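# whatever this is, show me its structure:
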Amino acid sequence: MLYRLAHFDLKGNEKLLTFYFFMNIYVANIPYKATSEELKELFEEFGEVISAKIIMDRYTQRSKGFGFVEMKEDADGQQAIESLNGKDFMGKNIVVNEARPKTDNGNSFNNNRRSGGSNSGGNYNKKPYKSY
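Residues are numbered from 1 along each chain as shown. Now for the predicted structure:
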C-alpha cells in the first residue's frame, strides 16, 4: 500500500514523502526441509511477493518451522491467507494469518529467561503462548 505525506522543510518548502507498507503474513507449521524460495513460490500464485523468509535457529541453523511473507497488495495477501490457511505444503498443513506487530513484554533479558540462566526461580509456572 502506498501512502503520501506532505512535509515542510525549515524554509517552508513543501516536500512530498512516499511510504510503502506491505502486508506481512505469518506462516506456521512449515516443513523443516522447505526453503524461503519455495515459500515465496507458494504465495506468488496470489500476487507480487516482496519477501519470504523462514526463521532459522541461530545456533543450529535449522528451520524453526515458521516464517513471514510480505505481499505488495493487501487484497492479494487476504486472498492468500484465505486460500492457504490449513492447506498442504510439502506434506504439512500450514497455518497462515496476518502477522501481528512485535510487542515488548517488558523483560529485557533474553526475552523469556531470568538473569540466572537456570530454571531456578519458578520459570516452570509461566503460561504457554496463547494462539488467537
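# just name the shakiest helix or strand of the chain by mean pLDDT.
strand 2-8 (a mean of 60; mean pLDDT, DSSP states H and E).
# show me which positions of stretch 35-47 end up buried.
Of the residues in stretch 35-47, those buried under the neighbour-count criterion (16 or more other Cβ atoms under 10 Å) are 36, 39-40, 42-43, 46-47. (Each C-beta comes from the backbone N, C-alpha and C, glycine too.)
# I'd like those residues laid out as TSV, including distance to Asp88, pLDDT and secondary structure.
Written out in TSV, the entries for the buried residues of stretch 35-47 read as follows (distance: Cβ to Cβ, whole Å; pLDDT from 0 to 100; DSSP: H, G, I helix; E, B strand; the rest coil):
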residue	distance to Asp88	pLDDT	secondary structure
Ser36	19	96	helix
Leu39	14	97	helix
Lys40	18	97	helix
Leu42	11	97	helix
Phe43	15	97	helix
Phe46	16	97	coil
Gly47	21	96	coil
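# can I get the residues you listed in CSV including distance to Arg58?
What follows is those, written out as CSV (distance: Cβ to Cβ, whole Å):
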residue, distance to Arg58
Ser36, 16
Leu39, 19
Lys40, 22
Leu42, 25
Phe43, 25
Phe46, 31
Gly47, 31
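# nearest to Gly12, of the residues you listed?
Gly47 (40.7 Å; Cβ to Cβ).
# give me the secondary structure label for the closest residue in space to that closest one that isn't next to it in sequence.
Counting by Cβ to Cβ, 6 or more residues apart in numbering, the nearest residue to Gly47 once its immediate chain neighbours are dropped is Asp76, at 2.7 Å. State at Asp76, reduced to three classes by DSSP: H, G, I helix; E, B strand; the rest coil: helix.
# name the element Ser83 belongs to?
helix 74-84 (DSSP states H and E).
# which residues touch that helix?
Outside helix 74-84, the residues within contact range by Cβ atoms under 8 Å, 6 or more residues apart in numbering are 1, 23, 25, 42-43, 45-48, 69, 71, 94, 96-98.
# ok, Gly47 touching Glu73?
Yes: distance between Gly47 and Glu73: 5.4 Å, which falls inside the contact criterion (Cβ atoms under 8 Å).
# please report how far Val27 lies from Gly12.
According to Cβ to Cβ, to the nearest Å, Val27 and Gly12 sit 47 Å apart.
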